[in-house]
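1. Pasted the sequence and its predicted model underneath.
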Amino acid sequence: MIDDWRVRRSWRSAACLAALALILLLACLASIAELFEHREPVKPQQWENVTSWLAGPAFVRPGWLFKSADYVSHEPSTAVARFPVRKAECAFRVFIVGGSFAMGFPYVYPSDARRTIGGIDSWAREQLAARYPSAQIELINAATCGGNSHKVLQVVEELLEYQPDLIVVISGNNEGTVLPDGPQPPPLCWAMGRGLDAALGRSPVAEQPLQDLHWWFERNLEQVADLAQERNVKLALATLPVNLRYNKPTDRYRLPAGSQPSDLARALYARGRFAEAAELLAPHPGGESLYLIGRCHESMGRYSAAREAYAEAVEYQRFNRISPTQNRIVRAVAQRHGLMLIDMERAINERAPHGIPGDELFDWSCHLHWYGYCDLGLLLVDQIVAAGLVRPAPSEPLPGPSREELRQRVGLDDQYLARFNLPR
């Protein structure tokens, strides 16, 4: 009996010591993984799959001002923004919420106080100030790089406490990369998982199925609308423009290398036999094939068919772009709740040659050149004026300044662009 008790006690002691040793080993390895990740010799999360998350509120109060907080991310993510704690009686306070597109990237750079101009908020703020000189315009950039509708919902809940007159949601480019309950502060297992992902060279975040993505996106927008209406706060939803000419095929939807449809279609396209190439690709739906079909139609001057093919290709290979289906969801939610709709997709499509936006308006996959952001800032102001949201003094609203005058007011001159090596 005594021997059995001693054996069990010895076994429990050994198990406890082994567990303690394992915990210490995991803690050590997790610290090493965190160190390597912080110093960036390895990046277990591919940048296109990174979403910004807060450990606390979006804005902190160091004194008589609110200022943007630091996001939990592998690099800075927030626009530098400040606004008074006490809102003036004549103030018109607007928050813009969303991802890097809403922020105004690359002109507005996260956590850099030197680069806060050039996004939609800059153009709208100066235009409103010019048209309503008696009002105190507070147009606050509350957007984040990598933010999606899960983050928008969290931020809007907070912004409703800051006496907004209008909240503008411009979101949709980063959907589906992170599930709504994560990532959380890294426990040992999660940190070890990231280290393993780094060692294997893979991304730890998988895309959601499209059906789930659309469901969560609509659910989040519905919740944002419900929260705003409960607090009697005006809410505007915006569609986002889609860079239809951007093409980054994913392995899941790429035609197999050396496959007959792929090689033959490319050869036919190179010889100018566009109709034959499109016909050959038609039975093989997928992101890459639809994109090539769009190029064929565009080369033949069939711009409507090209737009349709490009748009369908985006549904397969969104990368970090909003899809046409998501824009339809935005319109539907705005209509159901009677919200202001800022149709930015339509505005950019109308400006693009043949209605097919590409590099002439976009910088990279989903960000605009400054003149595109300017157009959308003016579109936002036009709808604010039309809705009568700003209390005007007699003779207001005044006519708006010319675009060149507005650019001078914003301060986005050629010298500024050259200083930070920004697109012109």
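-> Nice, thanks for sending it over.
2. Check which residues of stretch 403-415 are buried.
-> Residues of stretch 403-415 classed as buried: Leu406, Arg407, Arg409, Val410, Leu412 (neighbour count, 16 or more other CB atoms under 10 Å). All C-beta spots, glycine's among them, are computed from the backbone N, C-alpha and C.
3. for this protein, which strand is longest?
-> If each strand of the chain is counted by residues according to DSSP state E, the longest one is strand 91-98.
4. after that strand comes which helix or strand?
-> Using DSSP states H and E, the helix or strand that follows strand 91-98 towards the C-terminus is helix 100-103.
5. Provide the secondary structure category for Asp382.
-> The local conformation at Asp382, judged by DSSP: H, G, I helix; E, B strand; the rest coil, is helix.
6. Around it, count how many other residues there are.
-> Other residues near Asp382 number 14, with proximity taken as other CB atoms under 10 Å.
7. Distance check, it against Gln326.
-> 24 Å (CB to CB, to the nearest Å).
8. from the buried residues of stretch 403-415, which ones fall inside helices?
-> Assignment to helices by DSSP state H places the following of the buried residues of stretch 403-415 there: Leu406, Arg407, Arg409, Val410.
9. tell me the two of those residues that are most distant?
-> By the measure CB to CB, these have their two most distant members at Arg407 and Arg409, which lie 7.3 Å apart.
10. Below-threshold pLDDT in the stretch 101-250 of the chain: ranges please.
-> Across the stretch 101-250 of the chain, residues meeting the criterion (pLDDT under 70) sit at 176-210, 248-250.
11. what does the stretch 301-424 of the chain give?
-> 319.
12. all helices for it, in order.
-> Taking DSSP state H, counting those that start in this stretch to define them, one finds helices in the stretch 301-424 of the chain at 303-316, 324-337, 344-351, 370-387, 403-410, 414-419.
13. and if you look at the stretch 51-200 of the chain?
-> Listed in chain order, the helices found in the stretch 51-200 of the chain under DSSP H, counting those that start in this stretch are 100-103, 120-131, 149-159, 188-200.
14. which helices and strands sit right next to the first one?
-> If contacts are counted by 3 or more CB pairs under 8 Å, 6 or more residues apart in numbering; DSSP states H and E, helix 100-103 sits against strand 367-368.
15. Give me the helices and strands touching the strand it packs on, please.
-> If contacts are counted by 3+ CB pairs under 8 Å, 6+ apart, strand 367-368 sits against helix 100-103.
16. what's the helix it packs on in contact with?
-> Defining contact as CB atoms under 8 Å, 6 or more residues apart in numbering, one finds that helix 100-103 is touched by 79, 96, 110, 119-120, 141, 143-147, 170-171, 173, 240, 366-368.
17. Let's see that with 7 Å instead.
-> Residues from elsewhere that reach helix 100-103, judged by CB atoms under 7 Å, 6 or more residues apart in numbering: 79, 96, 119-120, 141, 143-146, 170-171, 173, 240, 366-367.
18. which one among these gets closest to Ser289?
-> The shortest separation between Ser289 and any of the contacts of helix 100-103 is 22.3 Å, and it belongs to Cys366 (by CB to CB).
19. Can you spell out which helices and strands pack onto the longest strand of the chain?
-> For strand 91-98, the contact count by 3 or more CB pairs under 7 Å, 6 or more residues apart in numbering; DSSP states H and E identifies strand 136-141, helix 149-159, strand 166-170 as packing neighbours.
20. Just checking: what are the partner strands of it?
-> Strand 91-98 has these partner strands in its sheet, going by DSSP bridges: strand 136-141 (parallel), strand 166-170 (parallel).
21. Of all the ones you listed, which one is nearest Leu24?
-> Nearest to Leu24, of all those, is strand 136-141, at 44.6 Å by CB to CB.
22. rewinding a little: so which of the contacts of helix 100-103 is the most crowded?
-> Ranked by neighbour count (other CB under 10 Å), those have Ala143 at the top, with 35 neighbours.
23. Report the contact partners of Glu158.
-> So Glu158 contacts Pro57, Ala58 (CB under 7 Å, 6+ apart).
24. so Leu237 is in which element?
-> strand 234-239.
25. Now do that strand: which elements does it pack against?
-> strand 166-170, helix 210-230, helix 324-337, strand 340-343, helix 344-351.
26. Figure out which of the ones you listed is closest to Ala124.
-> Distances from Ala124 to each of those were compared by CB to CB, and the smallest falls on strand 166-170, at 8.7 Å.
27. now the closest one against strand 234-239, angle please.
-> With axes from the mean of the first three to the mean of the last three CA atoms, to 10 degrees applied, the angle from strand 166-170 to strand 234-239 works out at 20 degrees.
28. Would you mind pulling the contact partners of strand 166-170?
-> Residues from elsewhere that reach strand 166-170, judged by CB under 7 Å, 6+ apart: 94-98, 101-102, 152, 156, 159, 224, 228, 233-238, 240, 342, 380, 389.
29. picking up where we left off before, so which of the helices of the stretch 301-424 of the chain comes closest to Leu292?
-> Across the helices of the stretch 301-424 of the chain, closest to Leu292 is helix 303-316 (CB to CB), at 8.5 Å.
30. Just put the buried residues of stretch 403-415 in a markdown table and tack on distance to Leu264.
-> As requested, these are arranged in a markdown table below (distance: CB to CB, whole Å):
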| residue | distance to Leu264 |
| --- | --- |
| Leu406 | 51 |
| Arg407 | 49 |
| Arg409 | 55 |
| Val410 | 51 |
| Leu412 | 48 |
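31. if we can go back for a sec, so which of the helices of the stretch 301-424 of the chain is nearest Pro84?
-> Comparing these by their distance to Pro84 (CB to CB), the top pick is helix 370-387, with 20.5 Å.
32. next one: the closest one to chain centre, how far?
-> Centroid displacement of helix 370-387 relative to its chain, using CA atoms, centre = their mean, to the nearest Å, is 19 Å.
33. So which elements touch that helix?
-> Applying 3+ CB pairs under 7 Å, 6+ apart, we find helix 370-387 packed against helix 120-131, strand 340-343, helix 344-351.
34. out of these, deepest packed?
-> helix 120-131 (a mean of 24; mean count of other CB atoms under 10 Å).
35. tilt between it and helix 344-351?
-> Following the same axes, to 10 degrees, one obtains 80 degrees for the angle between helix 120-131 and helix 344-351.
36. Run through the neighbouring helices and strands of helix 120-131.
-> Counting contacts by 3+ CB pairs under 7 Å, 6+ apart, helix 120-131 packs against strand 136-141, helix 370-387, helix 403-410.
37. Turn those into a markdown table, columns for distance to Ala15.
-> Formatted as a markdown table, the helices and strands packed on helix 120-131 follow (distance: least, CB to CB, whole Å):
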| stretch | distance to Ala15 |
| --- | --- |
| strand 136-141 | 54 |
| helix 370-387 | 61 |
| helix 403-410 | 66 |
